[in-house]
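Asker: Here is a sequence with its predicted model. Questions after.
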Amino acid sequence: MPSHLHFDEDDFLRCRFAVSPLWETQEAVRTLRRPDRQGYHAPWLRRISAVAAGLDLAPLWLLMPRRGHSPDWLVPPPTGPAASFEEELAALRTVDPETARADTARSLADTPGALESATGRAWLADPARMVRELTRALEAAWRVLVAPDWPRLRALLEADIAFHSRRLAEVGLGGLLPEIHRRCGWRSGTLTVASPGAYERRLGGQGLVLMPSVFTWPDLVSTFDPPALPTLVYPARGIGGLWTDPAEATPGALVRLLGRGRATVLTALAEPATTTALAHRLRLAPSSVSAHLAALRDAGLLTSRRYGHQVLYERTPLGIALASGAQGG
């Protein structure tokens with residue numbers, strides 16, 4: 001049955017995009033147990049398998065039923081556009097234990113035997129301890145699974161937001177939402193999401209947080225209950241090439257024309273990115289990447305624009321044609 005999110009007049013003015021490293025951490029943990037999510041992430045899975053084996057993820061997995069409720073308190077929608085993991089974790093530590101207890105009990109009920117398990121009983125008897133234990137588990141998972149690749153992941157998420165922000169300006173909210181995911185529909189101020197269970201929520205002037213995610217693919221998540229902010233989490237664009245090594249994918253013809261460094265940078269910009277993200281991804285010094293970006297921009301192959309405190313670079317039509325032609329040739 002479909003879910004419905006109903007917009008009032010003020011909600012149209014309060015829709016915004018956000019990125020959440022805490023959400024990506026939870027979904028990275030979930031992906032380890034979900035073969036249907038792993039197709040795009042095989043290189044990442046191979047690389048982190050040994051260190052992931054050293055993590056105790058069982059407490060987090062206990063609250064991730066294949067069908068059913070995952071606790072909203074554990075990964076609340078972000079209140080700002082680009083909060084750091086440390087800021088989100090600090091907010092998590094201040095969660096009211098009784099609120100967490102009720103939300104956790106609902107989630108445990110969706111996994112057979114979880115409510116009666118030793119862990120489930122201990123959590124519900126001492127929810128303050130539960131908050132501390134799960135916060136520590138998420139922090140450990142972030143450090144091992146996500147933090148080493150966060151510059152690359154953040155660049156992809158910011159590129160998605162830049163693209164969809166342009167589409168929002170071009171087609172409006174009613175045109176954008178059905179483009180974000182095939183399960184979304186829009187009619188007369190109501191967002192309809194095809195989902196296993198029915199869900200109704202009137203936004204009530206809070207607007208809608210649109211949050212791209214790397215590890216959520218292929219799912220779409222929209223069932224956050226009050227007081228959590230109304231949020232739509234959708235798969236980010238471009239994850240098919242996320243773990244590709246740009247140096248290996250750089251066409252020889254482009255290398256002969258531009259040189260190895262500039263050709264690699266141009267190839268890596270299939271999605272917009274910052275200097276820092278490119279340097280991390282390409283394992284080059286930021287100063288070298290900056291020099292290559294400046295040369296490519298001066299040649300008319302790239303353009304740059306500011307996004308918050310960062311500068312995003314992307315290919316111009318000429319840059320796209322040159323990179324695509326070299327790959328095709």
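Answerer: That came through, no problem.
Asker: Now name the helix or strand holding Arg129.
Answerer: helix 127-141 (DSSP states H and E).
Asker: who does the helix or strand just after that helix touch, helix- and strand-wise?
Answerer: Remark: after helix 127-141, the chain's next helix or strand is helix 150-180, criterion DSSP H and E. If you count contacts as 3 or more Cβ pairs under 8 Å, 6 or more residues apart in numbering; DSSP states H and E, helix 150-180 packs onto strand 16-17, helix 21-31, strand 184-187, strand 209-213, strand 231-235, helix 275-282, strand 302-307, strand 310-315. Heads up, the C-betas are built off the backbone N, CA and C, glycines and all.
Asker: quick one: helix 150-180 to helix 21-31, angle?
Answerer: Per axes from the mean of the first three to the mean of the last three Cα atoms, to 10 degrees, the angle that helix 150-180 makes with helix 21-31 is 80 degrees.
Asker: Helix 150-180: which residues count as buried?
Answerer: For helix 150-180, a neighbour-count test (16 or more other Cβ atoms under 10 Å) marks 150-164, 168, 173, 176-178, 180 as buried.
Asker: Nearest to the spatial middle of the protein, which residue is it?
Answerer: When Cα atoms, centre = their mean is applied to the chain, the residue found nearest the centroid is Ser213 (2.1 Å).
Asker: show me what contacts the residue lying closest to it once chain neighbours are set aside?
Answerer: Spatial nearest neighbour of Ser213, chain neighbours left out: Val233 (5.2 Å); criterion: Cβ to Cβ, 6 or more residues apart in numbering. Contact analysis of Val233 by Cβ atoms under 8 Å, 6 or more residues apart in numbering lists Trp23, Met211, Pro212, Ser213, Thr216, Leu220, Val221, Ser222.
Asker: do you know how far Val233 is from Asp160?
Answerer: Remark: distance between Val233 and Asp160 (Cβ to Cβ, to the nearest Å) = 12 Å.
Asker: and for these two, which residues touch both?
Answerer: Pro212.
Asker: what is Arg305 paired to in the beta sheet?
Answerer: Counting by DSSP bridges, Arg305 is bridged to Leu312.
Asker: Settle this for me: it is touching Arg297, isn't it.
Answerer: No: contact criterion Cβ atoms under 8 Å: Arg305 and Arg297 do not qualify, at 11.2 Å.
Asker: Which of those two has more residues huddled nearby?
Answerer: Arg297 (15 against 10; other Cβ atoms under 10 Å).
Asker: Can you dump the C-alpha atoms of the host helix or strand of the more buried one in CSV for me?
Answerer: Taking DSSP H and E as the definition, Arg297 sits inside helix 286-298. Listed next in CSV are the C-alpha coordinates belonging to helix 286-298 (Å, rounded to 0.1, in the frame of the first residue of the first chain):
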residue,chain,number,x,y,z
PRO,A,286,45.9,18.6,-3.1
SER,A,287,48.4,21.2,-4.6
SER,A,288,48.9,18.9,-7.7
VAL,A,289,45.1,18.4,-8.1
SER,A,290,44.5,22.1,-7.7
ALA,A,291,47.1,22.9,-10.5
HIS,A,292,45.5,20.4,-12.8
LEU,A,293,42.0,21.8,-12.1
ALA,A,294,43.1,25.3,-12.8
ALA,A,295,44.7,24.3,-16.1
LEU,A,296,41.6,22.3,-17.2
ARG,A,297,39.3,25.2,-16.2
ASP,A,298,41.5,27.7,-18.2
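Asker: how far away is the closest residue to Leu57 other than its chain neighbours from Thr216?
Answerer: In this structure, Leu57 finds its nearest non-sequential neighbour in Val29, 5.6 Å apart by Cβ to Cβ, 6+ apart. Remark: distance between Val29 and Thr216 (Cβ to Cβ) = 12 Å.
Asker: Kindly report the same for Ile239.
Answerer: 10 Å.
Asker: ditto for Arg256
Answerer: Arg256 is 40 Å from Thr216, by Cβ to Cβ.
Asker: Over to Leu257?
Answerer: For Leu257 relative to Thr216 (Cβ to Cβ), the value is 38 Å.
Asker: Low-confidence ranges, the stretch 1-150 of the chain, go.
Answerer: Applying pLDDT under 70 to the stretch 1-150 of the chain flags residues 1, 79.
Asker: wait, what's in contact with the nearest residue to Arg33 once chain neighbours are set aside?
Answerer: Closest residue to Arg33 apart from its sequence neighbours, by Cβ to Cβ, 6+ apart: Trp61 at 5.8 Å. Neighbouring residues of Trp61 by Cβ under 8 Å, 6+ apart: Val29, Arg30, Arg33.
Asker: Could you verify my assumption that Arg262 touches His292?
Answerer: Yes: the pair Arg262 / His292 is scored as a contact, 4.8 Å apart, by Cβ under 8 Å.
Asker: Give me the more crowded residue out of those two.
Answerer: When neighbours are counted by other Cβ under 10 Å, Arg262 and His292 differ, and His292 comes out ahead with 24 against 20.
Asker: Just list the residues touching that one, thanks.
Answerer: Counting by Cβ under 8 Å, 6+ apart, His292 has contacts Gly261, Arg262, Val265.
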